[in-house]
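Engineer: Fold the following for me, if possible:
(4 chains)
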There are 2 protein chains.
Amino acid sequence: MSRRKKTSRPTAADVAREAGISQSAVSRAFTPGASVAQSTRHRVLEAARKLKYRPNALARSLTTQRSRIIAVAMTQLDNPFYPSVLQSLSRLLQARGYQILLFTAPQGEAADPLFESVMRYQVDGIILASTMLSSALARECRGAGVPVVLFNRTTNDTGMSSVAGDNEAGGAAIAAFLHAGGHRRYAFMAGLEDSSTSRDRERGFRTALKELGVAEISRAVGRYTREDAAEATRALLHQEQRPDAIFCANDHMAIACMEVARMEFGLNIPRDLSIVGFDDAGMASAPTFDITTYSQPFAAMAAATVSMLSDLMDAPDQPPRRCIVGGELIVRSSARRPPQ
Amino acid sequence: MSRRKKTSRPTAADVAREAGISQSAVSRAFTPGASVAQSTRHRVLEAARKLKYRPNALARSLTTQRSRIIAVAMTQLDNPFYPSVLQSLSRLLQARGYQILLFTAPQGEAADPLFESVMRYQVDGIILASTMLSSALARECRGAGVPVVLFNRTTNDTGMSSVAGDNEAGGAAIAAFLHAGGHRRYAFMAGLEDSSTSRDRERGFRTALKELGVAEISRAVGRYTREDAAEATRALLHQEQRPDAIFCANDHMAIACMEVARMEFGLNIPRDLSIVGFDDAGMASAPTFDITTYSQPFAAMAAATVSMLSDLMDAPDQPPRRCIVGGELIVRSSARRPPQ
DNA sequence: TATGTTGATGCATACGCTTGCACGGAGAAT
DNA sequence: ATTCTCCGTGCAAGCGTATGCATCAACATA
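Structural biologist: The predicted structure is shown next:
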């Protein structure tokens, strides 16, 4: 049999030889919309099947200057919101013929050097869903001509496109809801101090409460993890003036908060304490927790991200856009409701 | 200033010109262990920094025949076990200088054609952590000379390397534990019928019970989702001879099972019903559920996977290995304990 | 019949990099 | 001083594909 020179994979040239036509024809047969006769295309495809030929996407990228690879940077995979997002992104991108090169930033360490190696793959676009990467890096990517979309993370840096939930409106809606429910002593549990999501949610919450006449709010930091959130809850509930409503910057923490309140302090939710989360992801809707929350529609957000990135890839010099995907207050039973 | 011919990125040739040396030298400067003088390496790196040059990994792969990309196929990202695994895999591979090309199979649809496009990226190896892809495809990959490791999924097909938890031993350990706890009527909640993990766990469970004199086991299918697991629980608990112990094929389902038992049937866990899971992932350890379970040490499993894949990439014609990573029974409070 | 149009094909080059080979020079060994 | 190493460097040939250009056949038009 016709053994290839090495053990390496068959190339377009091999297929061409087999089918008795030129290598160009093989290339065209695999390019949708190229100028090839149906008959030769069939011949090519058959020869390809026979030789188990698969076009080399890397070589293709070298000439076309487009890799059809999108880098996705993500941390916090333990917060169920992000796996959901990742899944949506993956589906949408795959449907458009793109592949995801996944980058997970190591906790706490410097992620930039590692990300550097991702950049070498000539990715066509970048989705940054991680707080761990410096904004400087994001800027540099954009400087290198690679479209970047920040997911769930905004920056005051101009020139960056981003997609996020309506954090301020959400915080405000929660404030209004809790206030209408007749709560007196409010607390806010922050996620990561340097994350824009946490900051924006807090701002919306505080501003709305202030307008309602509430200026004093106790505060703790849960760093978006269950452990820290549990600890933060203990701190909040050990105050002599215990809050009667806690707004946690996400559901993940709200659940931890509820567990501590129930199991360690013996509180009845929502009679003794109202707890509100943010995201409407993961176990928030599970009957055990039934968290009142403000939704971040991850599918819609992913869709907006992909479509925005797609536009940027078509026209890189476009002005940056900020897209805010609205959510809604999901009223469940973890917080006392307003009368009537 | 020296504008490049197009707007495209700078190449090694540009750097060479800037540094006044040959393009080969530039290449070598970026290749660890290559034969370059320290002085020229410095010159190159400086010129590279100045031009914002980044080696093109795709072009490199074309000549080296290695992409340093690993394909990871995963579904079930809503089961928290898998995000944990993904994170571990990502860290380990990144540390070895590999990138992950993520593939998520669409639910129910034919995934093979989509996976085909992943294969075109000349991946150096494949980790299959999804039941959605046909074994035929896995075999074909291996036939194409690409090392494949099945994660948490075995096949009777010879010639496939795999890593899995100790499903049979886990099932058996759970059987022994429940039996010692004095349970009488056992139930098993399967995951996906065609998944080897579910089958193996069931086999271990049944075999051990049979040896203990228990032959009758009721059974339901939860398809590894919360909704189906809830429905399956209802079916099990509506039987006139209600089980007093349910072994769910994973924690994800065990939690759903516990919620239905508590909220809809008003059962006290574990007084009225013992529930055991598998994985020790996600919320299993949360005090609200506190699931007795058999652990799948995801970090160790990921490490084994990466190391096995690494070996296969060094020597592709190696005989296949099956690696079983042992877990342990994690006794919590969701199942009645044996006396003493 | 002569001319223009269209679609299919092949040739040759470019994409950005690695690497075998040859070569030169600096130092070590004789 | 001569030979032998060995390291650092440049040259040039690929790696597998896409694509502009030229060519050519087939057919429609005048």
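Engineer: For DNA strand C, see how far away the residue of the stretch 151-300 of chain A found nearest DNA strand D is.
Structural biologist: When distances are taken as Cβ to the nearest atom of the strand, the stretch 151-300 of chain A reaches nearest to DNA strand D at A:Ser161, 26.4 Å away. The way it works is simple: take the backbone N, C-alpha and C, and place the C-beta from them, glycine included. Counting by Cβ to the nearest atom of the strand, to the nearest Å, the gap from A:Ser161 to DNA strand C is 25 Å.
Engineer: got a list of what the residue lying closest to that residue once chain neighbours are set aside touches?
Structural biologist: Nearest residue to A:Ser161 in three dimensions, chain neighbours excluded: A:Pro320, at 4.5 Å (Cβ to Cβ, 6 or more residues apart in numbering or on different chains). The neighbourhood of A:Pro320, defined by Cβ atoms under 8 Å, 6 or more residues apart in numbering or on different chains, consists of A:158-162.
Engineer: if we can go back for a sec, beta partners for the residue of the stretch 151-300 of chain A closest to DNA strand D?
Structural biologist: A:Val149 (DSSP bridges).
Engineer: tally of neighbours for it?
Structural biologist: Residues lying near A:Ser161 (other Cβ atoms under 10 Å in any protein chain shown) number 20.
Engineer: A:Asp314 now?
Structural biologist: Neighbours of A:Asp314 (other Cβ under 10 Å): 9.
Engineer: what about it, distance to A:Ser307?
Structural biologist: As for A:Asp314, its distance to A:Ser307 is 11 Å (criterion: Cβ to Cβ, to the nearest Å).
Engineer: Strands of the stretch 1-150 of chain A, start to end?
Structural biologist: A:69-74, A:99-103, A:125-129, A:148-151 (DSSP state E, counting those that start in this stretch).
Engineer: Rebuild those as JSON lines, extending it with distance to DNA strand D, mean neighbour count and mean pLDDT.
Structural biologist: Converted to JSON lines, the strands of the stretch 1-150 of chain A look like this (distance: least, Cβ to the nearest atom of the strand, whole Å; neighbours: other Cβ atoms under 10 Å in any protein chain shown; pLDDT from 0 to 100):
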{"stretch": "strand A:69-74", "distance to DNA strand D": "15", "mean neighbour count": "25", "mean pLDDT": "96"}
{"stretch": "strand A:99-103", "distance to DNA strand D": "15", "mean neighbour count": "25", "mean pLDDT": "96"}
{"stretch": "strand A:125-129", "distance to DNA strand D": "18", "mean neighbour count": "26", "mean pLDDT": "94"}
{"stretch": "strand A:148-151", "distance to DNA strand D": "24", "mean neighbour count": "25", "mean pLDDT": "94"}
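Engineer: Name the residues of the stretch 201-340 of chain A found near chain B, please.
Structural biologist: Residues of the stretch 201-340 of chain A found near chain B (Cβ under 8 Å from any Cβ of the partner chain) are A:226, A:255-256, A:259, A:262-263, A:283, A:286-289.
Engineer: which pair in the residues you listed spans the largest distance?
Structural biologist: By the measure Cβ to Cβ, A:Arg226 and A:Pro287 form the most distant pair in these, at 19.5 Å.
Engineer: what does the one helix or strand in chain A whose mean pLDDT sits lowest rub up against?
Structural biologist: Here the helix or strand of chain A ranked lowest by mean pLDDT, DSSP states H and E is helix A:135-143, holding a mean of 80. Residues from elsewhere that reach helix A:135-143, judged by Cβ under 8 Å, 6+ apart: A:112, A:115, A:119, A:126, A:128, A:148, A:150, A:155, A:157, A:159-160, B:52.
Engineer: go again using 7 Å as the cut-off
Structural biologist: A:112, A:115, A:119, A:126, A:128, A:148, A:150, A:155, A:157, A:159-160 (Cβ atoms under 7 Å, 6 or more residues apart in numbering or on different chains).
Engineer: Next: stretch A:67-78.
Structural biologist: A:61, A:82-83, A:86, A:89, A:93, A:97-105, A:115, A:118, A:121-130, A:132-133, A:224, B:58, B:83, B:86-87.
Engineer: Now which of the residues you listed would you call buried?
Structural biologist: Buried by 16 or more other Cβ atoms under 10 Å in any protein chain shown: A:61, A:82-83, A:86, A:89, A:93, A:98-105, A:115, A:118, A:121-130, A:132-133, A:224, B:58, B:83, B:86-87, out of the contacts of stretch A:67-78.
Engineer: My read is that the residue of the stretch 151-300 of chain A closest to DNA strand D contacts A:Ser307, right?
Structural biologist: No. Using Cβ atoms under 7 Å, A:Ser161 is not in contact with A:Ser307; the gap is 11.2 Å.
Engineer: Which of the three states applies to A:Met189?
Structural biologist: strand (DSSP: H, G, I helix; E, B strand; the rest coil).
Engineer: For it, report the pLDDT, please.
Structural biologist: Per-residue confidence for A:Met189 comes out at a pLDDT of 98.
Engineer: Thought A:Arg234 was touching it, still the case?
Structural biologist: No. A:Met189 is beyond contact range of A:Arg234, at 11.5 Å (criterion: Cβ under 7 Å).
Engineer: ok, the two, which is more surrounded?
Structural biologist: Neighbour totals were compared for A:Met189 and A:Arg234, and A:Met189 leads with 30 against 15 (other Cβ under 10 Å).
Engineer: and chain A, which of its residues are near DNA strand C?
Structural biologist: A:21-25, A:28, A:35-40, A:59, A:62-63, A:65 (Cβ under 7 Å from any atom of the strand).
Engineer: of all of the stretch 201-340 of chain A, which residue lies closest to DNA strand C?
Structural biologist: Closest contact between the stretch 201-340 of chain A and DNA strand C, by Cβ to the nearest atom of the strand, is at A:Pro316 (16.0 Å).
Engineer: contacting residues for that residue?
Structural biologist: A:145, A:147.
Engineer: go on, A:Met189?
Structural biologist: Residues near A:Met189 by Cβ under 7 Å, 6+ apart: A:220, A:222, A:229, A:232, A:246, A:248-249, A:253, A:257.
Engineer: Show only the entries of these found in strands.
Structural biologist: The members of these that map onto strands under DSSP state E are A:220, A:246, A:248.
Engineer: which residues are in contact with stretch A:225-238?
Structural biologist: With Cβ under 7 Å, 6+ apart as the test, stretch A:225-238 has contacts from A:187, A:189, A:218, A:220-222, A:243, A:246, A:248, A:252-253, A:256-257, A:260-261, A:265.
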